[in-house]
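*Asks:* The amino acid sequence is not available; the structure is as follows:
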């Protein structure tokens, strides 16, 4: 059995226990026993135990979102609607809301906050990239940072939403996306205002030096152009 399959087996076994014990060492040990995996091998595949399984669960949701987007008919849709649909697909890909709730608790801990932020950033990067974003300047960052805020707030709202079909969550999501579109419109008007161009010369120069990572594996850090 390949390592990927073993990790999947561990994750499936862990999900049975997450609702009761969270993404904890107890859950990890129970998953090892239930999956019949050698403890040394399980630890080699998941050095941080349940934390690595929680990240694997997040990655599974991302993969399912991409499958839903690939099967969707996006032609003719406004871009803001594509963004909202992608976030909705990402949430609808979740089979176990309690596993997400427990994950939010896990990644709220200071020692795991960076992992949580990176996971959310990766989701938003997948959304923008899949929908055809070609920006390589500072906009690469601002788009993903803004969507990360929208996605995170929507997840928190969704976790407490018991409305039929999560209708209130989708309405909340639409409002947040509309807010972002209004901000982008204001930014565009400011940039095009000739009276403000002298004031923006310095910030615009600095922004022009910022570039998206050349290696797509470098999800968070970018680079400054130092004459390369």
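*Replies:* That came through, no problem. Predicted, not measured: the structure shown is a model, and the values here were computed from it.

*Asks:* May I see the buried residues of stretch 20-30?
*Replies:* Buried residues in stretch 20-30, counting neighbours by 16 or more other CB atoms under 10 Å, are found at 21-24, 27-30. Any C-beta I mention is one placed from the backbone N, CA and C, and that applies to glycine too.

*Asks:* export those residues to a markdown table and tack on distance to residue 52 and secondary structure?
*Replies:* Shown next, in a markdown table, are the buried residues of stretch 20-30 (distance: CB to CB, whole Å; DSSP: H, G, I helix; E, B strand; the rest coil):
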| residue | distance to residue 52 | secondary structure |
| --- | --- | --- |
| 21 | 16 | helix |
| 22 | 14 | coil |
| 23 | 9 | coil |
| 24 | 13 | coil |
| 27 | 12 | helix |
| 28 | 9 | helix |
| 29 | 14 | helix |
| 30 | 15 | helix |
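
*Asks:* of those residues, closest to residue 94?
*Replies:* residue 23 (14.6 Å; CB to CB).

*Asks:* if I pick the closest one, what's in contact with it?
*Replies:* If a contact means CB atoms under 8 Å, 6 or more residues apart in numbering, then residue 23 has 14, 50-51, 53-54, 102-103, 106 as its contacts.

*Asks:* Using PyMOL, define a selection of the buried residues within these.
*Replies:* Selection of buried members from the contacts of residue 23 for PyMOL, criterion 16+ other CB under 10 Å:
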select buried, resi 14+50+51+53+54+102+103+106
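
*Asks:* Residue 65: which of the contacts of residue 23 is nearest?
*Replies:* residue 103 (15.6 Å).

*Asks:* residue boundaries of the strands in this protein?
*Replies:* 210-211, 223-224 (DSSP state E).

*Asks:* Lowest average pLDDT across those strands?
*Replies:* Per-stretch mean pLDDT for the strands of the chain is lowest at strand 223-224 (a mean of 39).

*Asks:* coming back round to it: for the contacts of residue 23, please prepare a markdown table with the additional fields distance to residue 138.
*Replies:* Output for those, formatted as a markdown table (distance: CB to CB, whole Å):
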| residue | distance to residue 138 |
| --- | --- |
| 14 | 39 |
| 50 | 37 |
| 51 | 32 |
| 53 | 35 |
| 54 | 31 |
| 102 | 35 |
| 103 | 30 |
| 106 | 32 |
